[in-house]
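Peer 1: missing the sequence, but the structure's below:
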């Protein structure tokens, strides 16, 4: 009993009780992957022109982009002197969907910066920290 209680206390300190199987995030670490919410959608709307420009300058930029906008699918976030968002984004190239992982920094004043892009990825690729 004492061992389980000790594990739970340590587990809560480092991101959730291991006995319960629940883990939202590690202290200072990113959250679990979640469906996109209104705030993340609005963030992506603001960054969409910059993101499209960077994606079309990549090697696959010669492919025909669809007129469909980029769509945020899911995200993780991390609080570090502002918020870092790791967002899974779907783009359409012709008739094919391609996925990218986008890193966005938001300072405490709400200013946004596109920090990095990974991909192309598959839809089932987990969003990593980069």
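Peer 2: Arrived safely. Given the structure is predicted, the values throughout are model-derived calculations rather than measurements.
Peer 1: Tell me which helix or strand comes right after the helix or strand of the chain with the lowest mean pLDDT.
Peer 2: Ranked by mean pLDDT, DSSP states H and E, the weakest helix or strand in the chain is helix 2-13, scoring a mean of 47. Counting by DSSP states H and E, the next helix or strand C-terminal to helix 2-13 is strand 34-35.
Peer 1: Give me the distance from the longest helix along the chain to the chain's centre.
Peer 2: As assigned by DSSP state H, the longest helix anywhere in the chain is helix 38-56. Here helix 38-56 shows a centroid-to-chain-centroid distance of 13 Å under the convention CA atoms, centre = their mean, to the nearest Å.
Peer 1: Over to stretch 120-130?
Peer 2: That offset, for stretch 120-130, works out to 9 Å (CA atoms, centre = their mean).
Peer 1: Quote the end-to-end distance of it.
Peer 2: Terminal residues of stretch 120-130 are spaced 14 Å apart (CA to CA, to the nearest Å).
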